[in-house]
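A.B. asks: Need coordinates for the following:
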Amino acid sequence: MRIVIAILSAAIVLLSTWLYQQTLAENQAPSGKPLQTIVNQQYRLRISATFDAGVDPFAEELAEAASLKVTYQGKELLVVNQPIPAGEVTEAEIDLELPTGRNEFLIEMSPSDSAAIVPRAVHVQLFKGNGQQPLQTETLWAPPTDSLVVGTVGFEVKPSASNEQ
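C.D. replies: Numbers count the residues shown, from 1 in each chain. I've put the predicted structure just below:
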């Protein structure tokens, strides 16, 4: 009789566990990401620095070394391989297809004299289309001992951005 009760108890436990798992699986919310709208938009970057920029002497490949590099999700958007004097404005127009929501550009600028112990700053302005009002303005700072000024410029892409100029 004990063996029958033990088998019956085990069957009840297994059956109730199986029912619980089935109910749990049916009531779960879908785990897919919400669809993001892709917006095709033209942007204009204006970049200036408080220091003379030169080709990065610490680059792994000197042929690929740059004094200024702008990337978006690993894709190089702007690369300047020549010295840039302090205060000179570098402008670039970039056509991009971006998802709506928060996006970021990565800015890297290399000083020509990395031995100088002075604070360094890079001023970045991001414009949408041919607009005169900046969409985002950032000043990226580097401590005096850093040999590279690196920072991100974040901005928001709205779904209706494709209709605006």
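A.B. asks: ok, residue 63 to residue 92 distance?
C.D. replies: To residue 92, residue 63 is 22 Å away according to Cβ to Cβ, to the nearest Å. The C-beta positions use only the backbone N, C-alpha and C, and glycine is treated the same way.
A.B. asks: Looking at those two, which is more packed in?
C.D. replies: Remark: of residue 63 and residue 92, residue 92 carries more neighbours, 15 against 6, as counted by other Cβ atoms under 10 Å.
A.B. asks: how about that one, what does it touch?
C.D. replies: 44, 45, 47, 70, 77, 78 (Cβ atoms under 8 Å, 6 or more residues apart in numbering).
A.B. asks: what are the phi and psi values for it?
C.D. replies: Backbone torsions for residue 92, taken as degrees, to the nearest 10, come to phi -150, psi 140.
A.B. asks: now swap in residue 129 and tell me
C.D. replies: phi 60, psi -140.
A.B. asks: Count the neighbours of it for me.
C.D. replies: Using other Cβ under 10 Å, residue 129 has 13 other residues around it.
A.B. asks: Which pLDDT does the model give the residue sitting furthest away from the middle of the chain?
C.D. replies: Distance to the chain centre peaks in the chain at residue 1, reaching 68.4 Å (criterion: Cα atoms, centre = their mean). We have a pLDDT of 86 for residue 1.
A.B. asks: and residue 47, how many residues sit next to it?
C.D. replies: By other Cβ under 10 Å, 24 other residues sit near residue 47.
A.B. asks: buried residues in the helix or strand containing it?
C.D. replies: Following DSSP states H and E, one finds residue 47 within strand 38-49. Neighbour counts over strand 38-49 (16 or more other Cβ atoms under 10 Å) mark 39, 41, 43, 44, 45, 47, 48, 49 as buried.
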